[in-house]
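*Asks:* got a predicted structure plus its sequence, pasted below:
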Amino acid sequence: MIERWVFGMLPSLVTSFGNDYWRTVPDSNELWMVDFFARWCGHCVRKTIDGKVKLAKVDCDQWPGVCQGAQVQAYPTVRFYRGQQNGRRQDVWGIQIQTQDKDRIIQVC
């Protein structure tokens with residue numbers, strides 16, 4: 001119960017998205033790592049990569065259309081978005097992060 005309060009109520013540096021994901025991440029020039037999750041998933045862990053990328057999350061229970069559009073099929077799903085290249089909108093599917101190894105994630109960034 002306390003863990004739920006701490007993670008759900010305390011201020012976070014992570015941006016939470018719903019439908020505004022579509023207006024923000026694909027058109028962004030900034031680097032993003034987005035965690036598509038469901039609150040019931042026990043393996044969903046918050047990670048921070050200080051100063052390198054912006055962090056965000058999408059609650060797939062609350063915003064199923066966003067997760068379906070990004071083709072999220074399992075939880076947790078963490079994707080990396082490199083930012084626009086030459087003014088071209090980036091792919092909404094991003095790059096799937098398949099590791100929990102911090103050093104390997106930083107290499108992707």
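*Replies:* In hand now; what should we look at?
*Asks:* and residue 20, how many neighbours does it have?
*Replies:* Residues near residue 20, counting by other C-beta atoms under 10 Å, number 14. To be clear about C-beta, it is placed using only N, CA and C from the backbone, and glycine gets the same treatment.
*Asks:* for residue 25, that is, sorry about that
*Replies:* There are 25 residues near residue 25, going by other C-beta under 10 Å.
*Asks:* report the separation between it and residue 66.
*Replies:* Remark: distance between residue 25 and residue 66 (C-beta to C-beta, to the nearest Å) = 10 Å.
*Asks:* overlap in contacts, these two.
*Replies:* Overlap of the contact sets of residue 25 and residue 66 (by C-beta atoms under 8 Å, 6 or more residues apart in numbering) consists of residue 17.
*Asks:* please enumerate the strands of this structure.
*Replies:* Along the chain, the segments classed as strands by DSSP state E run 15-17, 32-37, 54-59, 77-81, 95-97.
*Asks:* tell me the most buried of the ones you listed?
*Replies:* Mean neighbour count (mean count of other C-beta atoms under 10 Å) peaks for strand 32-37 among those, with a mean of 24.
*Asks:* which elements pack onto it?
*Replies:* Strand 32-37 is packed against strand 54-59, strand 77-81, with contacts defined by 3 or more C-beta pairs under 8 Å, 6 or more residues apart in numbering; DSSP states H and E.
*Asks:* save the ones you listed as a markdown table, and put in distance to residue 89 and mean pLDDT too.
*Replies:* Formatted as a markdown table, these follow (distance: least, C-beta to C-beta, whole Å; pLDDT from 0 to 100):
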| stretch | distance to residue 89 | mean pLDDT |
| --- | --- | --- |
| strand 54-59 | 17 | 85 |
| strand 77-81 | 11 | 84 |
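*Asks:* any chance of CSV for the ones you listed, columns distance to residue 93?
*Replies:* Output for the helices and strands packed on strand 32-37, formatted as CSV (distance: least, C-beta to C-beta, whole Å):
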stretch, distance to residue 93
strand 54-59, 13
strand 77-81, 7
